[in-house]
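Enquirer: Sequence first, predicted model second:
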Amino acid sequence: MVVYGVGLLAACMLVGVILGDLLGQLIGVQANVGGVGIAMLLLIWATNASRLTLLLAPPTSTGITFWSAMYIPIVIAMAAKQNVVAAVSSGWLALVAGVAAVVVSFAMIPLLSRLGPRSQDQL
Amino acid sequence: MSTAVTLLEQNALITAFMIVALLLAASNWIAARIFQGQIHGSAIAITLGLLLAYWGGWSSGGSNGLADVSFFSGLGILGGAMFRDFAIVATAFGADLDALKRAGWVGVMSVVLGVVLSFLVGAVVAVVFGFSDAVSISTIGAGAATYIVGPVTGTALGASSGVIALSVAAGLVKAILVMVATPLVAKRIGLDNPQSALIYGGLMGTTSGVAAGLAATDPKLVPYGAMTATFYTGVGCLLAPSLLYLLVLSLQRLF
């Protein structure tokens, strides 16, 4: 059933967010530490676990792939609710700091990519 | 006519589905006809979304962009953190576990390096603009990491509300620029495989920026970039008010 997929996805996200919050409390920060990342790992693990393959018959997996496909529309809605006015109108300091941070970070990507093990599988 | 508008407002989330679909359809048309497929339709849609957010914020005076205009309020639900995170988790379905494992330590390193680099850049800019107290410098540096790390750090260190607002603005500029610039520079920085996407997510760190940037570049890369990016804000909130603040303090004593 489609809703099993949605339910599995929801369970992964909730467990991940709770663990991320606990992790944050453990190291004493007022933020969720990697909750969504943990949820992603849980989902990958759950969908690869052999015991759960029966559960993931085609109609079940559409419950997950639908939300995966809704990703771009959701991101567009997210872009449309950003506080662009505050970003643009708060003066040069914020603009310069934000732009400089992005430029420096972009420049680091090729350097770090060279450090890591070469991946053969180009998408 | 007014009853129709009222009904659309009452069904805000459904209205948002329709608006986003129309926006994407228009963007895909523009991408195919005007840009001859050189730019992704989703990149155009995200840019249009940001322009509409500017208009919405300007006309309503609120802080949620287009979502503060009542007719578009459903965009606030659809584009909120809950649905965003739900969809990000869903993209992990079918992600390559080996690619994630192989880039493990580079991923960790990119998050720590990303936080430290953005903090230092923001701190230097703050000094250039005339700030001289370690608390303000650190808060603005933290804001250059993400717009969540900024206020968390500022509150922890007791920064003034004006400085905290500046740090949020710096983080917003970063998030928006990452959304718009990623598809434009993707080729040049080699952002075309799972590993560089992991590093990209770790270095940029802004979840919304990374989410939109990868969506506009290559949706297949989303799970890898999003994975590392979700650890960034936590690491930033850990390092900025502690180690990095102490670093700023000790540098200040030296000069």
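Expert: Nice, I can see it. Numbers count the residues shown, from 1 in each chain, chains lettered A, B, ... in the order given.
Enquirer: How about residues contacting the helix or strand bottoming out on mean pLDDT in chain A?
Expert: Within chain A, no helix or strand scores below helix A:84-89, which has a mean of 81 by mean pLDDT, DSSP states H and E. Defining contact as Cβ atoms under 8 Å, 6 or more residues apart in numbering or on different chains, one finds that helix A:84-89 is touched by A:94-95, A:98, B:50-51, B:53-54, B:57-58, B:63, B:65, B:168-169, B:172-173, B:175-176. For the C-beta atoms, the positions are set from N, CA and C on the backbone; glycine is no exception.
Enquirer: which SSE is residue B:117 in?
Expert: helix B:104-128 (DSSP states H and E).
Enquirer: roughly how far out does stretch B:138-149 sit from the chain middle?
Expert: 13 Å (Cα atoms, centre = their mean, to the nearest Å).
Enquirer: Return the alpha-carbon coordinates of that stretch using PDB.
Expert: Written as PDB, here are the backbone C-alpha positions of stretch B:138-149 (Å, rounded to 0.1, in the frame of the first residue of the first chain):
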ATOM      1  CA  SER B 138      32.000  36.400  16.200                       C
ATOM      2  CA  THR B 139      28.200  36.900  15.700                       C
ATOM      3  CA  ILE B 140      28.600  38.300  12.200                       C
ATOM      4  CA  GLY B 141      31.100  35.500  11.400                       C
ATOM      5  CA  ALA B 142      28.600  33.000  12.600                       C
ATOM      6  CA  GLY B 143      25.900  34.600  10.400                       C
ATOM      7  CA  ALA B 144      28.200  34.100   7.400                       C
ATOM      8  CA  ALA B 145      27.900  30.300   8.200                       C
ATOM      9  CA  THR B 146      24.100  30.200   8.200                       C
ATOM     10  CA  TYR B 147      21.300  32.400   9.300                       C
ATOM     11  CA  ILE B 148      20.600  30.000  12.200                       C
ATOM     12  CA  VAL B 149      24.200  29.800  13.500                       C
END
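Enquirer: That one and chain A in contact?
Expert: Yes. Against chain A, stretch B:138-149 shows contacts by Cβ under 8 Å from any Cβ of the partner chain at B:140, B:143-145, B:148-149.
Enquirer: Now do the end-to-end distance for stretch B:34-48.
Expert: Terminal residues of stretch B:34-48 are spaced 15 Å apart (Cα to Cα, to the nearest Å).
Enquirer: Show me the contact partners of that stretch.
Expert: A:72, A:75-76, A:79, B:23-24, B:26-28, B:30-32, B:179-180, B:183, B:212, B:215-217, B:219.
Enquirer: can we see that at 10 Å?
Expert: Residues outside stretch B:34-48 that contact it (Cβ atoms under 10 Å, 6 or more residues apart in numbering or on different chains): A:71-73, A:75-76, A:78-80, A:82, B:20, B:23-32, B:176, B:179-180, B:182-184, B:211-219.
Enquirer: Of those residues, keep whichever come out buried.
Expert: Neighbour counting with 16 or more other Cβ atoms under 10 Å in any protein chain shown marks A:71-73, A:75-76, A:78-80, A:82, B:20, B:23-24, B:27-28, B:31, B:176, B:179-180, B:182-183, B:211-219 as buried within these.
Enquirer: how many other residues sit next to residue B:49?
Expert: If you count neighbours by other Cβ atoms under 10 Å in any protein chain shown, residue B:49 ends up with 29.
Enquirer: That one: what's it in contact with?
Expert: A:75-82, A:84, B:20, B:23-24, B:27, B:65-66, B:75, B:79, B:179, B:212.
Enquirer: Quick check, central residue of chain B?
Expert: What sits nearest the mean C-alpha location of chain B, by Cα atoms, centre = their mean, is residue B:209, with 2.7 Å.
Enquirer: Next up, the contacts around that one.
Expert: Contacts of residue B:209 (Cβ under 10 Å, 6+ apart): A:82, A:102, B:146-147, B:171-172, B:174-182, B:201, B:225, B:229.
Enquirer: gap between residue B:165 and chain A?
Expert: According to Cβ to the nearest Cβ, to the nearest Å, residue B:165 and chain A sit 7 Å apart.
Enquirer: domain parsing for the chain?
Expert: Because you didn't say which chain, this covers chain A. A:2-73, A:83-116 (automatic domain parsing).
Enquirer: try chain B instead
Expert: Taken from automatic domain parsing, chain B resolves into B:2-79, B:97-254.
Enquirer: Determine which stretch of those is the most buried.
Expert: Ranked by mean neighbour count, the domains of chain B are led by domain B:97-254 with a mean of 24 (mean count of other Cβ atoms under 10 Å in any protein chain shown).
Enquirer: what's the first-to-last distance across it?
Expert: Terminal-residue distance, domain B:97-254 (Cα to Cα): 47 Å.
Enquirer: Show the average pLDDT along that domain.
Expert: Domain B:97-254 shows a mean pLDDT of 90.
Enquirer: before we move on, what about stretch A:27-34?
Expert: Stretch A:27-34 comes out at a mean pLDDT of 76.
Enquirer: After the host helix or strand of residue A:5, which helix or strand is next?
Expert: Applying DSSP H and E as the criterion places residue A:5 in helix A:2-26. For helix A:2-26, the following helix or strand on the C-terminal side (DSSP H and E) is helix A:35-48.
Enquirer: gap between that following helix and the chain center?
Expert: Distance, centroid of helix A:35-48 to centroid of chain: 11 Å (Cα atoms, centre = their mean).
Enquirer: do the same with stretch B:100-120
Expert: On Cα atoms, centre = their mean, the centre of stretch B:100-120 falls 17 Å from that of its chain.
Enquirer: do stretch B:229-239 as well
Expert: Using Cα atoms, centre = their mean, the offset of stretch B:229-239 from its chain centre is 13 Å.
Enquirer: Repeat that for stretch B:62-75.
Expert: On Cα atoms, centre = their mean, the centre of stretch B:62-75 falls 18 Å from that of its chain.
Enquirer: How about stretch B:7-25 and chain A, any contact?
Expert: Yes. Counting by Cβ under 10 Å from any Cβ of the partner chain, contacts between stretch B:7-25 and chain A involve B:13, B:16-17, B:19-21, B:23-24.
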